[in-house]
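S.K.: predicted model follows, preceded by the sequence.
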Amino acid sequence: SSSARNLGIDNAKGAYLGFVDSDDYLAPEMYEHLYGLMEQGADIAECGHVDAFDDSAVFGGDDSFRIYTVLEAMSEHIQDQIFRQLIWNKLYRREVIGDIRFPVGKTIDDEFFTYLVLGNAKTLIRSERICYAYRQQESSVMHSVEAKNRLQAVDAKVLRHKYIEKEFPVLVGDSAKTLWLTCIYQGQLSIREMKREEADQSIRYIQQVLAEHPCVFKTCTTKEKLWLHWARIDLRSVCLLRNALRIGL
């Protein structure tokens, strides 16, 4: 939980911090490997992970790694490629966490946390070696989030977008596109999972978010532009069609 993680941060005495979810498991050498990479001066080191459905995840593999500037890492984070919001496949110098804490009461608290910590770093390292097993089970948080709480993902993206506008303005185009695509996806889930009245409230809220944070479409593919232009005109119909086509689901 957020409170438990915050308590751990507050009471940690070491120079490095890491997080492990209670139902996951990791390679025995994971933190040794990440610590070794950080000796090159990085503030955050990240390894690869694998989805696990049992206790037989295969670790190891590619030992290549790359050093990133904070701007490069934030770009990758926005595109959800590497340096994602996942907190558990990383090792952090405690200074980059500083006074940043997980918001209490949020179901998807990592989305409110990770971008702030990444933004505090100067240099980051990404290793391709798979060291973390992310266990997949229906009782996990992401599988059990109530529909109404999924809009927290929109709230998190709004806060991140405002942060990007201030701290990394060159990435605003990518950030706005991601915000819009997140809004469309959450609109789809609202229509699929909520009662009509609740879904209508969610769609109205998402429409307000889109109106307040326009997308410039500069970094969009032709297909993305079509969806985003249509979403600006009629969000509900876009969500209904994408659900029918099972796009993004």
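M.R.: Noted; the coordinates are in hand. Quantities reported herein were computed from a predicted structural model and do not represent experimental measurements.

S.K.: quick one, longest strand in this protein?
M.R.: In terms of residue count, the longest strand belonging to the chain (DSSP state E) is strand 123-135.

S.K.: name the residues of that strand that come out as buried.
M.R.: 123-127, 129-135 (16 or more other C-beta atoms under 10 Å). No exception for glycine: its C-beta is placed from N, CA and C like everyone else's.

S.K.: now do stretch 18-33
M.R.: Neighbour count says stretch 18-33 has 18-19, 24-27, 30-31, 33 buried, by 16+ other C-beta under 10 Å.

S.K.: quick one: average pLDDT of stretch 18-25?
M.R.: The pLDDT scores in stretch 18-25 average 94.

S.K.: what does stretch 33-42 give?
M.R.: 94.

S.K.: can you list contacts of that stretch?
M.R.: Applying C-beta atoms under 8 Å, 6 or more residues apart in numbering, the contact partners of stretch 33-42 are 16, 18, 27, 44-47, 65, 67, 90-91, 93, 121, 123-125, 127, 129, 131.

S.K.: kindly recompute the last result at 10 Å.
M.R.: Residues from elsewhere that reach stretch 33-42 (C-beta atoms under 10 Å, 6 or more residues apart in numbering): 15-16, 18, 27, 29, 44-47, 63, 65, 67-68, 89-93, 96, 121-127, 129, 131.

S.K.: mind checking the SS state of the nearest residue to G18 once chain neighbours are set aside?
M.R.: Spatially, and ignoring its direct neighbours in sequence, G18 is nearest to L91 (5.0 Å; C-beta to C-beta, 6 or more residues apart in numbering). Classification of L91 using DSSP: H, G, I helix; E, B strand; the rest coil returns strand.

S.K.: low-confidence stretches in the chain?
M.R.: Where the chain drops to pLDDT under 70, the residues are 138-148.

S.K.: longest helix in it, please.
M.R.: Longest helix of the chain, by residue count under DSSP state H: helix 172-193.

S.K.: packing partners of it?
M.R.: Contacts defined by 3 or more C-beta pairs under 10 Å, 6 or more residues apart in numbering; DSSP states H and E place helix 172-193 against helix 70-78, helix 152-167, helix 196-212, helix 222-233, helix 235-245.
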